[in-house]
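*Asks:* predicted model follows, preceded by the sequence.
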Amino acid sequence: MKPKNFWIGERRNPQLGTYYVLYGARSIKEAKSHEKTVYGTNIMHKYPTKAAYDHAIAILKDRGERIHT
């Protein structure tokens, strides 16, 4: 089994603006399936370790970004 990466989705919605969704550990195939949207854009950002993922979340929080869990 391939090791899973950690993922944060950057959701760009024309009406709601940009926000981030924390997906946690997922396979590449599973994570990439979240990029398909009917409306707006969803960009998946990959982090190879839990520490890198947690650091990215901390940066988003420091910037005051909207985060959905």
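*Replies:* Cool, the structure landed. Numbering: from 1, shown residues only.
*Asks:* and for Tyr20, the neighbour number?
*Replies:* Residues near Tyr20, counting by other C-beta atoms under 10 Å, number 20. Any C-beta I mention is one placed from the backbone N, CA and C, and that applies to glycine too.
*Asks:* gap between the helix or strand encompassing it and the chain center?
*Replies:* According to DSSP states H and E, Tyr20 maps onto strand 17-26. Strand 17-26 has its C-alpha centroid displaced from the chain centroid by 3 Å (C-alpha atoms, centre = their mean, to the nearest Å).
*Asks:* who's in contact with the helix or strand following it?
*Replies:* Note on strand 17-26: by DSSP H and E, the next helix or strand toward the C-terminus is helix 28-32. Applying C-beta atoms under 8 Å, 6 or more residues apart in numbering, the contact partners of helix 28-32 are Lys2, Asn5, Trp7, Tyr23, Met44, Lys46.
*Asks:* distance of Arg11 relative to Ile67?
*Replies:* 11 Å (C-beta to C-beta, to the nearest Å).
*Asks:* hang on, I meant Ile43
*Replies:* 15 Å.
*Asks:* which parts of the chain are helices?
*Replies:* In the chain, the segments counted as helices under DSSP state H are 28-32, 50-62.
*Asks:* the bottom helix or strand of this protein by mean pLDDT?
*Replies:* Least confident helix or strand, the chain: helix 28-32 with a mean of 91, by mean pLDDT, DSSP states H and E.
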